[in-house]
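S.K.: Mind folding the following:
(2 chains)
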Protein chains: 2
Amino acid sequence: MPQGKIETVPDDGLTTRQRRTLPITAVHTGPGKGKSTAAFGMALRAWNQGWPIGVFQFVKSAKWKVGEENALRVLGASGEGGTVAWHKMGEGWSWVQRGMESSEEAAKEGWEQVKRDLAAETYRFYVLDEFTYPMHWGWVDVDEVVAVLKDRPGSQHVVITGRYAKEPLTDLADLVTEMTKVKHPMDAGRKGQRGIEW
Amino acid sequence: MPQGKIETVPDDGLTTRQRRTLPITAVHTGPGKGKSTAAFGMALRAWNQGWPIGVFQFVKSAKWKVGEENALRVLGASGEGGTVAWHKMGEGWSWVQRGMESSEEAAKEGWEQVKRDLAAETYRFYVLDEFTYPMHWGWVDVDEVVAVLKDRPGSQHVVITGRYAKEPLTDLADLVTEMTKVKHPMDAGRKGQRGIEW
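M.R.: Sure, this is the predicted structure:
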């Protein structure tokens, strides 16, 4: 329940109006649930603004996000809010014709496309889902990611999810939330549940 | 990226199949962002299952959730997934004809309706948004909430959001996630941003 109270007025020479349209970089990290889920929840707001949304799922299997994907596809096609483009590494990126040698190659290609889309301002709101892992594994250079995000044109918001977010990225980010697992049904021996986990 | 691995097999006499349809009680608490947003993200999965969804917003002002509300209304009316009923305390609960004396009375009436709906199995997925506050303020008795949730019939999932979740509630919950604020744009003097905060 944000109250809209601010603690300091920044000395950045911008008006409040200008500051309101500054591009946001958000990172959802930590071992708890809700990192991706909250990112897709944010996408609902972006959709409501009529913004084009681009989702890039940096995971091998996409089976855990079918609910969000179907919902955002229906919203994107409803003609009422923004459009939605959903790209899945797990099925081979849609823009790649040849087979990918490895997950590393696929992750790198995903990042190349994100760079192209940022340069072209294809979307106004990006979900880079599980994108921390390619950085964590050293497949994508975090310093390059930070440099690209820093210099991106226009007002393009970017949300990155996943554990092990690296410091240069959280340093750059405007909004960093850590999800902490306090208790999870799998601890009690329950497997993933339909409608809850996917 | 849940892996579906479980650490223990519970000695509860249930099959995996039975355990998969057990009703989940989830609590999103802590001072960070994403508590409600993740709950509405979960609602996307419930919608995708075709489940009737009931949202109860226990807040005076509803202005911060318009994006999620519009999106879920469009989804609920799309004819493709579950239905969505969205109840707002801030506008006076839709089922209440007379004016409410106070927020306390309104919160209590909201909880009474949740009890009626749980008893009638009106919905399959409930978001009780910011419901921790009426408990925190002593308006709604947490022990009664726990007793009602414990004895609810059928397979009705309930997600409760808000800071200051009380221990009896987190003890009861199957899934508790604490959102920790690491960094927020308002710290840097930015006000809430369109498409991000609402």
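S.K.: Report the central residue of chain A.
M.R.: The structure's chain A has its C-alpha centroid closest to A:Val127; by C-alpha atoms, centre = their mean the separation is 2.5 Å.
S.K.: which residues does that residue bridge with?
M.R.: A:Val55, A:Val159 (DSSP bridges).
S.K.: what's near enough to touch A:Val182?
M.R.: Going by C-beta atoms under 8 Å, 6 or more residues apart in numbering or on different chains, A:Val182 touches A:Gly32, B:Thr170, B:Val176, B:Thr177, B:Glu178. Bear in mind the C-beta positions are built from the backbone N, C-alpha and C, glycine included.
S.K.: hmm, 7 Å instead?
M.R.: A:Val182 makes contacts with B:Thr170, B:Val176, B:Thr177, B:Glu178, as judged by C-beta atoms under 7 Å, 6 or more residues apart in numbering or on different chains.
S.K.: same question, A:Leu72
M.R.: Here A:Leu72 is in contact with A:Phe40, A:Ala43, A:Val55, A:Val84, A:Trp86 (C-beta under 7 Å, 6+ apart).
S.K.: Out of those, which comes closest to A:Gln113?
M.R.: Proximity of those to A:Gln113 was ranked by C-beta to C-beta; the top entry is A:Val55 with 12.0 Å.
S.K.: Flag the shaky bits of chain A, pLDDT-wise.
M.R.: In the predicted model, chain A carries pLDDT under 70 at residues A:1-21, A:61-64, A:184-192, A:198.
S.K.: Break down it into its strands, ranges please.
M.R.: A:25-29, A:53-57, A:84-88, A:125-129, A:157-161, A:175-183 (DSSP state E).
S.K.: Quick one: which of the contacts of A:Leu72 is the most crowded by neighbours?
M.R.: Of all those, A:Ala43 has the most neighbours under the rule other C-beta atoms under 10 Å in any protein chain shown, reaching 31 neighbours.
S.K.: Can you report how many residues neighbour the closest residue to A:Glu121 other than its chain neighbours?
M.R.: The spatially closest residue to A:Glu121, leaving aside those adjacent along the chain, is A:Gly154, at 4.8 Å (C-beta to C-beta, 6 or more residues apart in numbering or on different chains). Residues lying near A:Gly154 (other C-beta under 10 Å) number 9.
S.K.: how far away is A:Gly154 from A:Thr29?
M.R.: Per C-beta to C-beta, to the nearest Å, A:Gly154 is found 26 Å from A:Thr29.
S.K.: helices or strands up against the helix ranked longest in chain A?
M.R.: What stands out as the longest helix in chain A, according to DSSP state H, is helix A:103-120. Counting contacts by 3 or more C-beta pairs under 7 Å, 6 or more residues apart in numbering or on different chains; DSSP states H and E, helix A:103-120 packs against strand A:53-57.
S.K.: Name the residues that touch the strand it packs on?
M.R.: A:43, A:46-47, A:65, A:72, A:82-90, A:110, A:114, A:117, A:122-123, A:125-130.
S.K.: Understood, closing this out.
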